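Engineer: sequence unknown, structure follows:
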């Protein structure tokens, strides 16, 4: 075992650091919806022009073909430089794009992949439904073949960035007789197609992040099917594990940074008894425990990266990391509440009014979305411990 | 960067676990002498070269590092190996560092038993020492954050005390005496902390395997209990605590071996994380076993008692948390935005 980076990796780090320090936008990402989407597109365009688009993509499809270690280095340098998060770029770069790379036709790849890399196209996901959240195989949105089109009727929900996305990865039931994960199809849906209505869901932080999407006789060309009719489940599952592990990397790296921020907060915030928070042993011991946990999360990440480099794939270990990262993040948010006292209650219309209170509420987004903590425990019980199935 | 054991490291783990499983199985602790330490066990382990695993060849050691020692003691935790091995290893390191090569050689070759001492304020008005494994010991080793000292036990009067973990013995002393060898600095403390954390991880992993195996075969209400989420989810949490402690052990061991700047922080963190893993996992293991889990005939309580024996060694939670905080105050580079 070793924690040493090769000369090539160190050179990559230096190159990434210098490019990022010269190019990371100085202004914060706007909270207004359309402006936020434009901000994401502009940043992706800048990455593309600078030769930094497609960190996790193979070189054969326009990506950088980086090793897992270099991807980690890139994310560490992004955090260090305060670079914008993935935000609305995440579905295209981490899910839609990689799915097309592994299962799409060469025409689909040639049309869509450059648009994702250059920031021209933002993608959203159309998997979850009111009756199919954690239980994804319960999808009931219908797709009927009519000539050379698929006619879609139904409803999707929790669609992040659906209000400014250009394309959607849409999972529909194309065989009405089928049950569970059979008879599903994965299709690329142009969000400007007639019959699509996007309705906002305002979250408890007061922001529009997710949407309900309604489909009323939406006609999608069959040529947009990926992997063929009825292959939807295997297409949807084709990219999940490594992407899921990597999608949490920025959160995990930022935890150590946030701990320093909270330490700083505790140096200048007084508790209800007038003492500085840092003079309170309960606060400092909680901070210390979180620091140890954040270090162990980093060590877990390095273990996953070693596993990917060694075996080229990842088992259920990604679920362990997701569960641990989101738990620790939540505990950090709870600590900031106890440090801030009354100030914690000063929350206005959106995140701009109070970063910490916003993050406190956001912590439930992390423990629920992308497979809730309960689902992660089920995955660990099934696949890692091989306990008898509950379902 | 590689943070999983490589083939060579795995082969050490395999050799250690094979030996412990066949020569010193957990079942020995149910026997009449509760698996008590003796001269035969001591000399057999010397033949395997484990006391000198991390010491140089010219002293009779194997020339390995803190990484291999951590892997060795993780298996000791898993099989509830004799706790008397760690103080011999620590005493050998101390002797080597204090230029007492003859003593280091004698310890590595299994000539002596060494007791392990911790400061104890619990019994007397003045601070004393709480000693483990003192039965038939010739020396006593006391390792603190800034100093480590080796004492000749012939000059000490010990009062025996009962010990929760029946595989070893406990005693206390209030007598002050001069060490025969001592060293300054925190190096040996970190090594002791790392290896104790490794044993706690081994305990946490062993009880996870124990309850998972039981959950597959124990039937209640017509189904294996492992199919109930009330059992599955706590088991998943046990696996998570093991993974966190295991990976942190690897990171801390490499950091200590390579004398990185963050070694103290990494090692303190693994003791804290391993304490948590062992404490919670023996708890959940005992609880999910139900009635059988609190009987003497079952193995569960042996792991529970071993975990609680090791929790206060080289840093209980409060002390670790305050130390980690002090380290982060020293290293935090201030606000970053």
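Structural biologist: Yes, it's here. Quick caveat, the model's predicted, so the values are computed rather than measured. Numbers count the residues shown, from 1 in each chain, chains lettered A, B, ... in the order given.

Engineer: going forward, measure contacts and count neighbours with C-alpha atoms only.
Structural biologist: Noted.

Engineer: and the biggest strand by length in chain A, what does it pack onto?
Structural biologist: In chain A, ranked by residue count with DSSP state E as the criterion, the top strand is strand A:208-221. The helices and strands touching strand A:208-221, judged by 3 or more CA pairs under 8 Å, 6 or more residues apart in numbering or on different chains; DSSP states H and E, are strand A:149-156, strand A:196-202.

Engineer: so what does the top helix by length along chain B touch, helix or strand wise?
Structural biologist: If you go by DSSP state H, chain B has its longest helix at helix B:187-217. Packing contacts for helix B:187-217, counted by 3+ CA pairs under 8 Å, 6+ apart, involve helix B:66-78, helix B:85-97, strand B:139-143, strand B:223-224, helix B:229-257, helix B:263-289, helix B:300-310.

Engineer: what mean pLDDT does stretch B:45-59 have?
Structural biologist: Averaged across stretch B:45-59, the pLDDT comes to 96.

Engineer: and it, what's buried?
Structural biologist: Along stretch B:45-59, these residues count as buried under the neighbour rule (16 or more other CA atoms under 10 Å in any protein chain shown): B:45, B:46, B:49, B:50, B:51, B:52, B:53, B:54, B:55, B:59.

Engineer: residues near residue B:146, how many?
Structural biologist: 12 (other CA atoms under 10 Å in any protein chain shown).

Engineer: over to residue A:347?
Structural biologist: 17.

Engineer: what does residue A:209 give?
Structural biologist: Neighbours of residue A:209 (other CA under 10 Å): 19.

Engineer: I'd guessed it sits against residue A:160; true?
Structural biologist: Yes - if you go by CA atoms under 8 Å, residue A:209 and residue A:160 touch, sitting 5.6 Å apart.

Engineer: give me every residue that touches the spatially closest residue to residue B:283 that is not a sequence neighbour.
Structural biologist: Leaving aside its chain neighbours, residue B:283 sits nearest to residue B:304 (7.3 Å; criterion: CA to CA, 6 or more residues apart in numbering or on different chains). With contacts defined as CA atoms under 8 Å, 6 or more residues apart in numbering or on different chains, residue B:304 is in contact with B:279, B:282, B:283, B:286.

Engineer: now, among the buried residues of stretch B:45-59, which is nearest to chain A?
Structural biologist: residue B:54 (15.6 Å; CA to the nearest CA).

Engineer: now the helices and strands packed on helix B:187-217 in a markdown table, with mean pLDDT and distance to residue A:347?
Structural biologist: Listed next are the helices and strands packed on helix B:187-217 as a markdown table, based on pLDDT from 0 to 100; distance: least, CA to CA, whole Å:
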| stretch | mean pLDDT | distance to residue A:347 |
| --- | --- | --- |
| helix B:66-78 | 98 | 48 |
| helix B:85-97 | 98 | 54 |
| strand B:139-143 | 97 | 51 |
| strand B:223-224 | 96 | 49 |
| helix B:229-257 | 98 | 34 |
| helix B:263-289 | 98 | 35 |
| helix B:300-310 | 98 | 45 |
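
Engineer: got a markdown table for those, with distance to residue B:185 too?
Structural biologist: A markdown table is the format used below for these (distance: least, CA to CA, whole Å):
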| stretch | distance to residue B:185 |
| --- | --- |
| helix B:66-78 | 17 |
| helix B:85-97 | 11 |
| strand B:139-143 | 10 |
| strand B:223-224 | 53 |
| helix B:229-257 | 14 |
| helix B:263-289 | 12 |
| helix B:300-310 | 23 |
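
Engineer: for the ones you listed, which one sits closest to residue B:331?
Structural biologist: Residue B:331 sits nearest to helix B:263-289 of all those, at 10.0 Å, using CA to CA.

Engineer: the residue in the stretch 101-250 of chain A positioned nearest to chain B: neighbour count?
Structural biologist: Residue of the stretch 101-250 of chain A nearest chain B, by CA to the nearest CA: residue A:245 (14.9 Å). Per other CA under 10 Å, the neighbour tally for residue A:245 reads 20.

Engineer: circling back to that earlier point, of the helices and strands packed on helix B:187-217, which approaches residue A:54 most closely?
Structural biologist: Of all the helices and strands packed on helix B:187-217, helix B:229-257 sits nearest to residue A:54, with 28.9 Å by CA to CA.

Engineer: report the contact partners of the spatially most central residue of chain B.
Structural biologist: Nearest to the geometric centre of chain B sits residue B:196, at 2.8 Å (CA atoms, centre = their mean). Contacts for residue B:196 were tallied using CA under 8 Å, 6+ apart; they are B:73, B:271, B:310, B:313, B:314.

Engineer: out of the residues you listed, who's nearest residue A:336?
Structural biologist: Each of those was checked against residue A:336 using CA to CA; the closest is residue B:271, at 25.2 Å.

Engineer: residue contacts, the closest residue in space to that closest one that isn't next to it in sequence?
Structural biologist: Nearest residue to residue B:271, sequence neighbours excluded (CA to CA, 6+ apart): residue B:197, at 4.8 Å. Contacts for residue B:197 (CA under 8 Å, 6+ apart) come out as B:249, B:270, B:271, B:274, B:275.

Engineer: and those as CSV, adding neighbour count?
Structural biologist: Putting these into CSV (neighbours: other CA atoms under 10 Å in any protein chain shown) gives the following:
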residue, neighbour count
B:249, 31
B:270, 33
B:271, 33
B:274, 31
B:275, 28
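
Engineer: neighbours of residue B:27, just the number please.
Structural biologist: 15.

Engineer: related to what we said a few turns ago, give me the distance between the residue nearest to residue B:271 and chain A.
Structural biologist: 13 Å (CA to the nearest CA, to the nearest Å).

Engineer: what's the spacing between that residue and residue B:76?
Structural biologist: 11 Å (CA to CA, to the nearest Å).

Engineer: repeat that for residue B:32.
Structural biologist: Residue B:32 is 21 Å from residue B:76, by CA to CA.

Engineer: quick one, which of the two is more surrounded?
Structural biologist: Ranked by neighbour count (other CA under 10 Å), residue B:32 and residue B:76 place residue B:76 first, with 26 against 8.

Engineer: the more buried one reaches residue B:202, doesn't it?
Structural biologist: Yes - using CA under 8 Å, residue B:76 makes contact with residue B:202 at a distance of 6.9 Å.
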